[in-house]
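> The following comprises the amino acid sequence and a computationally predicted model.
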Amino acid sequence: MEYRELGRTGWKVPVLGQGTWGIGGFYSKDESKDAEAIEAIRLGIELGMAFIDTAEAYGGGHSEEVVGKAIADTKAEVFVATKVSPEHLSYESVIRSAKASLRRLNVKTIDLYQVHWPNPRIPIRETMRAMERLVKDGLVRFIGVSNFSVSELEEAMASLAREEIVSNQVEYSLLERGIERDMIPFCERERITVIAYSPLARGKLSEPDKHLSKDEADALRKLAEKYRKTPSQIALNWVIRRPIAVAIPKAARVEHVRENAGSADWSMSPEDYELLCRVFSRRL
Ligand SMILES: NC(=O)c1ccc[n+]([C@@H]2O[C@H](COP(=O)([O-])OP(=O)(O)OC[C@H]3O[C@@H](n4cnc5c(N)ncnc54)[C@H](OP(=O)(O)O)[C@@H]3O)[C@@H](O)[C@H]2O)c1
């Protein structure tokens, strides 16, 4: 699996990670599919997607517990990213949330701790002060944000005294290309990693005939045939074509995990990449 530098940390992460929204439940705890989810995450790690993204909010915290179980006795080095919810961004709440996430994940350090969504009611300076405290205490390795605009990102960057913002996790796929306008150029300039969420447009790109226009579906299918890949693999390969980006598709089914892992370590020709950009241009 190809690795890319996270921000300008010198630390490298796999270009494909694993998302976990819905694993362990959506808005509250659901233990009914834990065994399958653990199997899927472990397979993903084995196939090189040793970068797991979760959040304290997912499944009311149970997603972190499932991730904790999945990575408990793996020998692979797994990069674990989680998020603090917008209602927990005061200094004390950030510290409390991080400690609770560490317990549920059963790890000593959170590799990447992200502010899940901005909260205009709490000064970002206060949140970042807590984030730096966590790094200083060795509980967090790197600080990231999610769903931040360029101006919110600039404010967060300016609030840090010693550390840097290493990533912004934002939606990015062939169907959602808004970040190409200003976020990607900004992150390229500042060397902030773009962690692309919903890179399969929540599964829509995996079923082109059901969800896409005829031109879009035809283009995806044609390239899938040409490269002997699937539409999902073409769609994910398109996202990680940008060197500043890594992607975190979520797959609870092992066959999907296997398929997604086959989206990296090859590239389509520049002409085919441009063709997809053209065909999906109304998604910009
Ligand atoms: N920061 C944020 O605010 C935010 C927001 C949204 C998402 N995220 C993160 O990003 C991750 C990914 O985004 P997402 O879950 O919204 O959407 P996604 O990864 O684009 O799509 C996930 C959906 O696609 C299906 N799928 C995955 N691989 C497939 C394949 N090869 N063939 C067919 N179907 C496939 C999955 O099914 P199965 O599960 O049944 O395999 C699931 O229903 C999340 O899990 C979460 O970690 C973050």
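Arrived safely. Numbering: from 1, shown residues only.
> Low-confidence stretches in the stretch 151-284 of the chain?
Residues of the stretch 151-284 of the chain meeting the criterion pLDDT under 70: none.
> got the residues of it near the ligand?
Counting by C-beta under 6 Å from any ligand atom, the positions of the stretch 151-284 of the chain adjacent to the ligand are 169, 197-203, 206, 232, 248-253, 256, 259-260. Quick note: C-beta positions are derived from backbone N, CA and C, even for glycine.
> Pull the number of nearby residues for residue 248.
25 (other C-beta atoms under 10 Å).
> I figured it was touching residue 200, is that so?
No - look at residue 248 against residue 200 with C-beta atoms under 8 Å: they stay out of range, at 10.4 Å.
> I'd like the list of the residues of the stretch 151-284 of the chain next to the ligand that fall within helices, please.
Secondary structure assignment by DSSP state H places 232, 256, 259, 260 of these in helices.
> re the thing from before, give me the buried subset of the residues of the stretch 151-284 of the chain next to the ligand.
With neighbours counted by 16 or more other C-beta atoms under 10 Å, those contain buried members at 169, 197-202, 206, 232, 248-252, 256, 259-260.
> Strands of this structure, start to end?
Along the chain, the stretches classed as strands by DSSP state E are 3-5, 12-14, 51-53, 79-84, 110-115, 140-146, 165-171, 193-197, 245-247.
> mind checking which of these is nearest residue 214?
For those, distance to residue 214 was read as C-beta to C-beta. The smallest value, 24.3 Å, belongs to strand 165-171.
> which other residues reach the closest one?
6-9, 53, 83, 112, 114, 142-148, 153, 156-157, 178-179, 183, 187, 192-198, 248 (C-beta atoms under 8 Å, 6 or more residues apart in numbering).
> what angle do that strand and strand 193-197 make?
Counting by axes from the mean of the first three to the mean of the last three C-alpha atoms, to 10 degrees, strand 165-171 lies at 30 degrees to strand 193-197.
> Each with direction, which strands does strand 165-171 pair with?
strand 140-146 (parallel), strand 193-197 (parallel) (DSSP bridges).
> quick one: it to chain centroid distance?
8 Å (C-alpha atoms, centre = their mean, to the nearest Å).
> CA atoms of it as CSV?
Once non-C-alpha atoms are left out, strand 165-171 reads as follows in CSV (Å, rounded to 0.1, in the frame of the first residue of the first chain):
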residue,chain,number,x,y,z
ILE,A,165,-2.9,21.4,11.9
VAL,A,166,-1.9,18.4,9.9
SER,A,167,-5.2,17.5,8.1
ASN,A,168,-8.7,18.6,7.3
GLN,A,169,-11.2,15.8,6.8
VAL,A,170,-13.8,16.9,4.2
GLU,A,171,-16.2,15.3,1.8
